[in-house]
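mind looking at a prediction? Sequence and model below.
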Amino acid sequence: MLLEAPFTEEKIRALKVGDKVEISGLIFTGRDAVHKYLHDGGKPPVDLKDSIIYHCGPVVVKEKGKWVVKAAGPTTSIREEPYQGPLMEQFGIRAVIGKGGMGAKTLEYCQKVGAVYFHAIGGAAQVLAERVIDVPDVHLAEKFGAPEAIWEFQVDRFPVVVTMDSHGNSLHEQVLADSSKRLKKILD
């Protein structure tokens, strides 16, 4: 299914765990330093309302005066668990892209504010970079360095899967429960 900007609450609440989605529009990268900065009261240099945050430390180079993304794989999201939910609520963030999933606190906020967690395929950094068609700007690079900066990515049909939805469903919880049950059976 195609999800095009604007990323409104109505569009996001229509998504369910397991939906394969292709995102087209403007998204922002943000990792540990940005999350802590915003959590501690820092002012975002971009409007995050109805936005998508991508947990990614991209490899970006300048070619002929333009930023070009060479690698844009997801980074592990659970590190942002202390910050993600409150930031979603405070700034109106509608979705997060990463890998590995997030915890109960983020799932609670997904329900509360109408947001989802998208899983992007790890190990496909170069393939995902091909879906970034433009890099309009970069913010906070001087403060945090390029991998931790907020990069603006204009993406076209960026492939993800919904693994946490705004209805309280989490594929990550399901997998953990199934795995625990199987492990118990093996050990018994």
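Nice, thanks for sending it over.

nearest residue to the middle of this protein?
residue 97 (2.0 Å; Cα atoms, centre = their mean).

check the gap between that residue and residue 117 for me.
8 Å (Cβ to Cβ, to the nearest Å). Placement of C-beta: from N, CA and C, glycine included.

which strands and helices sit next to the one helix or strand the residue nearest to the centre of the chain maps to?
Here residue 97, judged by DSSP states H and E, is contained in strand 95-98. Counting contacts by 3 or more Cβ pairs under 8 Å, 6 or more residues apart in numbering; DSSP states H and E, strand 95-98 packs against strand 52-54, strand 116-119.

strand partners of that strand, parallel vs antiparallel please.
If you go by DSSP bridges, strand 95-98 pairs up with strand 52-54 (parallel), strand 116-119 (parallel).

buried ones in the longest strand along the chain?
What stands out as the longest strand in the chain, according to DSSP state E, is strand 150-164. Judged by neighbour count using 16 or more other Cβ atoms under 10 Å, the buried positions of strand 150-164 are 150-155, 158-160, 162-164.

on that earlier part again, which one of the helices and strands packed on strand 95-98 lies nearest to residue 41?
Nearest of those to residue 41, taken as Cβ to Cβ: strand 52-54 at 17.8 Å.

next, the buried residues of that closest one.
Quick answer for strand 52-54 (16+ other Cβ under 10 Å): 52-54.

can you redo those as CSV with pLDDT?
Output for the buried residues of strand 52-54, formatted as CSV (pLDDT from 0 to 100):
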residue, pLDDT
52, 98
53, 98
54, 98
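
and those residues as JSON lines, adding distance to residue 41?
Converted to JSON lines, the buried residues of strand 52-54 look like this (distance: Cβ to Cβ, whole Å):
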{"residue": "52", "distance to residue 41": "23"}
{"residue": "53", "distance to residue 41": "18"}
{"residue": "54", "distance to residue 41": "23"}
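
quick one: stretch 32-47 to chain centroid distance?
Here the centre of stretch 32-47 is set off from its chain's centre by 15 Å, with Cα atoms, centre = their mean, to the nearest Å.
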